[in-house]
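In: here is my input, please return the structure:
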Amino acid sequence: MTTVAGSRSAWRFTRRIWRGTNKRKYCEEGEDECYNALGQRVSCKAEHFLTEEKTQLYTGNILPGAVKLHTERLIVKSTGGTITVPRAMNGPCSQFTVPTRHKSDCVPNADFIIYAAAGPSNTESMAVWAATCNTWGDLRPSIGAMNFDPKYMTDTAWSVRVAAHEIAHALGFSKDSIEGNSIETTRKIVRGKHRRMVAGKHVQEKTKAHFGCKSLEGMELEDEGGTREKAIPHWKGRHARDELMAPTVGAGYYTALTMAVFADMGYYRVNWRMAEPMSWGHRSGCDFLEKKCNTTDNLAAKYPHMFCDAKDTETLRCTSDRRHVGTCTASIVEDKGSLVDKDVCLVVSNFTKYRLGQRTGRARTKMWIISVGR
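Out: Below you'll find the model as predicted:
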């Protein structure tokens, strides 16, 4: 496919495999510890080994599937040139060993590169992550890095959606991009507290349409957790539980809500026809967004597709995404740090557990390079 510099085109991607040879970056069989993609010393366990089966799963299914979710929806302004990889990158990107030719000869015919590793993590919260490493002059990300701990890889749609979620952060669903494009704002007190939200033109339009609330000023960002969690933007879990950019990936629907963020950044156009529907919050009205669960009368009866009644914890029910079965034994807790403001919204638990196979082998941190371009 030929493109002209300055034109807009759908992305194509190629996958080039490069396996690191720096032995400090992986565990040999029989060793007790190894270094992960963040340069942290972690324990070597069989569950973290990147077997041939996991290698094929990662390179043949998870990464291509995740990239496809974005290339089907985001249209990029072609640079018409090459990507120059800096000799030194900051943050987690500095731990990735980049091929010398990428620094000396550049990477041709690409709009975005992500260096994808598959090494052990030191905590469950960092099992899968991604970050922007470098940007074009207009702040559009040009280089990213990610890691997916083999322990958590499964041959399911969930793994693909988790990878897509993290790649979205590298593509610009990040604090720097949202603030840099002036599409974040702080609204007046909502449900007893000041709330952060994304309030770009497209986000306002799509949020109002999804929730059926014309007075909405934008889409709320999650404000639970510690400093690190708040620094990485996600949709408010209470409002978008089944969305791709929810704090915890479940169904991971790539809806118009997330697409709108990319559209408001200015350097992406989006294919709205590819927006996935999500029943969570759909046409729920302003009350759902403005009132607490604790103060809403007959919550489960008013929003039966989202919440459930604590009086019945035995009956099997469908989860909100209609993919699993569970009981009314889980909850979404908001403002958990305050006894006065704490709000508990009861939801159907998920009985499904992903069983991960364990095999002997090596817990290597191998790296794959995904070049997204023409």
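In: okay, and for the stretch 201-350 of the chain, where does confidence drop off?
Out: In the predicted model, the stretch 201-350 of the chain carries pLDDT under 70 at residues 226-229, 339.
In: now with 90?
Out: Within the stretch 201-350 of the chain, the segments meeting pLDDT under 90 span 223-232, 249-250, 267, 310, 312, 322-325, 334-341, 350.
In: please enumerate the helices of it.
Out: Under the criterion DSSP state H, counting those that start in this stretch, the stretch 201-350 of the chain contains helices at 201-211, 227-231, 256-264, 286-290, 299-302.
In: tell me which of those lies nearest to residue 151.
Out: Across the helices of the stretch 201-350 of the chain, the minimum distance to residue 151, taken as Cβ to Cβ, is reached by helix 227-231, at 20.8 Å. (C-beta placed from N, C-alpha, C; glycine too.)
In: for the helices of the stretch 201-350 of the chain, which one ends up most surrounded?
Out: Each of the helices of the stretch 201-350 of the chain was given a mean neighbour count from mean count of other Cβ atoms under 10 Å, and the largest, a mean of 25, is that of helix 256-264.
In: packing partners of that one?
Out: In terms of contacts (3 or more Cβ pairs under 8 Å, 6 or more residues apart in numbering; DSSP states H and E), helix 256-264 is packed against helix 201-211, strand 268-270.
In: distance from the chain centre to that helix, please.
Out: For helix 256-264, the gap between its own C-alpha mean and the chain's C-alpha mean amounts to 14 Å (Cα atoms, centre = their mean, to the nearest Å).
In: could you pull up the mean pLDDT of stretch 64-80?
Out: On average, the pLDDT along stretch 64-80 is 88.
In: quick one: buried residues of that stretch?
Out: Of the residues in stretch 64-80, those with enough neighbours to count as buried (16 or more other Cβ atoms under 10 Å) are 64, 66-67, 69-71, 73-79.
In: can you check stretch 182-192 too?
Out: With burial defined by 16+ other Cβ under 10 Å, the residues of stretch 182-192 counted as buried are 183-184, 191.
In: what does the residue sitting nearest the centre point of the chain show for phi and psi?
Out: Note on the chain: the residue nearest the mean C-alpha position is residue 165, at 2.1 Å, using Cα atoms, centre = their mean. When read as degrees, to the nearest 10, the backbone of residue 165 gives phi -60, psi -50.
In: hang on, the earlier thing: reformat the helices of the stretch 201-350 of the chain as CSV; add distance to residue 172.
Out: Below are these laid out as CSV (distance: least, Cβ to Cβ, whole Å):
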stretch, distance to residue 172
helix 201-211, 13
helix 227-231, 15
helix 256-264, 7
helix 286-290, 25
helix 299-302, 35
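In: low-scoring stretches of the stretch 51-200 of the chain, by residue?
Out: Confidence mapping of the stretch 51-200 of the chain against pLDDT under 90 gives the ranges 51-52, 55, 76-113, 115, 117-127, 136-139, 150, 179-195.
In: do that again at 70, thanks
Out: Counting by pLDDT under 70, the stretch 51-200 of the chain shows low-confidence ranges at 79-81, 186.
In: all the strands of it, residue numbers only.
Out: Counting by DSSP state E, counting those that start in this stretch, the segments of the stretch 51-200 of the chain that form strands are 74-77, 82-83, 107-108, 110-118, 128-135, 141-148, 184-190, 193-198.
In: indicate which one of these is closest to residue 252.
Out: strand 128-135 (12.1 Å).
In: all strands for the stretch 201-350 of the chain, in order.
Out: Under DSSP E, counting those that start in this stretch, the stretch 201-350 of the chain gives strands at 219-220, 268-270, 317-318, 325-326, 330-334, 343-347.
In: JSON lines for those strands, including distance to residue 293 and mean neighbour count?
Out: Formatted as JSON lines, the strands of the stretch 201-350 of the chain follow (distance: least, Cβ to Cβ, whole Å; neighbours: other Cβ atoms under 10 Å):
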{"stretch": "strand 219-220", "distance to residue 293": "15", "mean neighbour count": "24"}
{"stretch": "strand 268-270", "distance to residue 293": "32", "mean neighbour count": "18"}
{"stretch": "strand 317-318", "distance to residue 293": "17", "mean neighbour count": "14"}
{"stretch": "strand 325-326", "distance to residue 293": "18", "mean neighbour count": "16"}
{"stretch": "strand 330-334", "distance to residue 293": "8", "mean neighbour count": "17"}
{"stretch": "strand 343-347", "distance to residue 293": "4", "mean neighbour count": "20"}
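In: which stretch among those comes nearest residue 96?
Out: strand 268-270 (24.5 Å).
In: before we move on, the earlier item: tell me the one of the buried residues of stretch 182-192 nearest residue 241?
Out: The shortest distance between residue 241 and any of the buried residues of stretch 182-192, using Cβ to Cβ, involves residue 191 and amounts to 16.3 Å.
In: would you confirm that that closest one contacts residue 345?
Out: No: under the contact definition of Cβ atoms under 8 Å, residue 191 does not touch residue 345, with a separation of 11.3 Å.
In: overlap of the contact sets of these two?
Out: Taking Cβ atoms under 8 Å, 6 or more residues apart in numbering as the criterion, residue 191 and residue 345 both touch residue 334.
In: tell me the contacts of residue 282?
Out: Residues in contact with residue 282 (Cβ under 8 Å, 6+ apart) are 210-212.
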